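Asker: Here is the input, now give the coordinates:
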Amino acid sequence: MESRSRSGAALRLLNSDWVRPILLMVILLVLWDLSVRVFGVPAYLVPKPGDVVLAMIDEWPRLLAESVPTFTATLGGFALSVLFGIPIAMLIAGSRTVEAYVYPLLVFSQSIPKVAIAPLFVVWFGFGLMPKVIAAFLLGFFPVVVSAVQGFKSVDNEMMDLARSMKASRLQTFQMVSLPHALPAIFAGLKVSITLAVVGAVVGEFVGSNSGIGFVLQRSIGNFELPLMFAALTVLALMGVVLFWVIDVVERFSIPWHASQRHKAGLGT
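Answerer: You can find the predicted model right below:
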């Protein structure tokens, strides 16, 4: 009986939400190490996972310090994406005239490579934080707008008619009907936006910066310090995962009534 309870506890632990991705990462690291050793891949092409771990331990204070500018630029660009993206999405969803003028322009702007125009931000705003924030904003802005427009347009017309029949004001209708129904789509866009904002911040640091994880990547690639480069990429990945997780936690507390959150609760049990 005791052995069954132990095996059941072990099985629940393996199926928990936080253990499974860690287990997958361990498997991938083992496959990575075996592939490098079996195929004899030179260290200047792909380093061993152990070398990356040693580089991360040795350079951790530097990586931690350099992650602060990247993190700041990411949050700044993401905040601008939310600040401008959701109101513009409301205008697009509420007016076909605005949609006809603005939406094609937004789609057109996304076809322009951000790496190509990032040097302009350095010319206009210098080598400070602003070019990185703008680059992060440009990458994170579009997903917020698209998802929010989809969310506001998906509101049931019968619910809107019910609110009007109850003499609700436009603000009350927005608070009680439009926004709650649009929140699941908005949070989906925010999750995409926060990860793209990390990429945008690094793009800005590639173009012109003397600090940040992007600067560390540029220097390590130039000096063929591949373990340090992979360690910097790991820090970026962790930053994206943490920010994504924060948005996910906020979503769980904001819309616990949504079907997706009930599904997550069911999986957690």
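Asker: And for the strand or helix carrying Tyr101, what's in contact with it?
Answerer: Assigned by DSSP states H and E, Tyr101 falls within helix 96-110. Identification of contacts with helix 96-110 by CB atoms under 8 Å, 6 or more residues apart in numbering yields 88, 91-93, 138, 142, 145, 149. Glycine gets a C-beta too; all of them are placed from N, C-alpha and C.
Asker: filter those to the buried ones?
Answerer: Buried members of the contacts of helix 96-110, scored by 16 or more other CB atoms under 10 Å, are 88, 92-93, 138, 142, 145, 149.
Asker: Among the contacts of helix 96-110, which pair sits farthest apart?
Answerer: Ala93 and Leu138 (21.7 Å; CB to CB).
Asker: ok, back up a step: tell me the one among the buried ones among the contacts of helix 96-110 nearest to His181.
Answerer: Nearest member of the buried ones among the contacts of helix 96-110 to His181, counting by CB to CB, is Ala93, at 11.5 Å.
Asker: what's the closest non-adjacent residue to that closest one?
Answerer: Setting aside the residues directly before and after it, Ala93 is nearest to Phe152 in space (CB to CB, 6 or more residues apart in numbering), at 3.6 Å.
Asker: Check the spacing between that neighbour and Leu105 real quick.
Answerer: Per CB to CB, to the nearest Å, Phe152 is found 19 Å from Leu105.
Asker: again with Ala232
Answerer: 36 Å.
Asker: neighbour-wise, which of those two wins?
Answerer: Ala232 (31 against 8; other CB atoms under 10 Å).
Asker: count of neighbours near the closest residue to that one other than its chain neighbours?
Answerer: Using CB to CB, 6+ apart and skipping the chain neighbours, the partner closest in space to Ala232 is Val216 (4.7 Å). Val216: 27 surrounding residues under other CB under 10 Å.
Asker: ditto for Ile117
Answerer: 14.
Asker: now, among the contacts of helix 96-110, which is nearest to Gly204?
Answerer: Among the contacts of helix 96-110, and counting by CB to CB, the member closest to Gly204 is Leu138, at 9.5 Å.
Asker: Alpha carbons only: can I get the helix or strand hosting that closest one in PDB?
Answerer: Using DSSP H and E, Leu138 maps to helix 130-153. The C-alpha trace of helix 130-153 is given here as PDB (Å, rounded to 0.1, in the frame of the first residue of the first chain):
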ATOM      1  CA  MET A 130      15.200  55.200 -26.300                       C
ATOM      2  CA  PRO A 131      16.200  53.300 -29.500                       C
ATOM      3  CA  LYS A 132      15.900  50.000 -27.800                       C
ATOM      4  CA  VAL A 133      12.600  50.900 -26.300                       C
ATOM      5  CA  ILE A 134      11.300  51.900 -29.700                       C
ATOM      6  CA  ALA A 135      12.600  48.700 -31.300                       C
ATOM      7  CA  ALA A 136      10.800  46.600 -28.600                       C
ATOM      8  CA  PHE A 137       7.700  48.700 -29.100                       C
ATOM      9  CA  LEU A 138       7.600  48.200 -32.900                       C
ATOM     10  CA  LEU A 139       7.800  44.400 -32.500                       C
ATOM     11  CA  GLY A 140       5.400  44.100 -29.600                       C
ATOM     12  CA  PHE A 141       2.800  46.600 -30.900                       C
ATOM     13  CA  PHE A 142       1.200  44.700 -33.800                       C
ATOM     14  CA  PRO A 143       0.200  41.500 -31.800                       C
ATOM     15  CA  VAL A 144      -1.500  43.600 -29.200                       C
ATOM     16  CA  VAL A 145      -3.500  45.500 -31.800                       C
ATOM     17  CA  VAL A 146      -4.500  42.400 -33.800                       C
ATOM     18  CA  SER A 147      -5.600  40.300 -30.800                       C
ATOM     19  CA  ALA A 148      -7.400  43.200 -29.200                       C
ATOM     20  CA  VAL A 149      -9.300  44.000 -32.400                       C
ATOM     21  CA  GLN A 150     -10.300  40.300 -32.700                       C
ATOM     22  CA  GLY A 151     -11.400  40.300 -29.000                       C
ATOM     23  CA  PHE A 152     -13.500  43.500 -29.300                       C
ATOM     24  CA  LYS A 153     -15.100  42.300 -32.500                       C
END
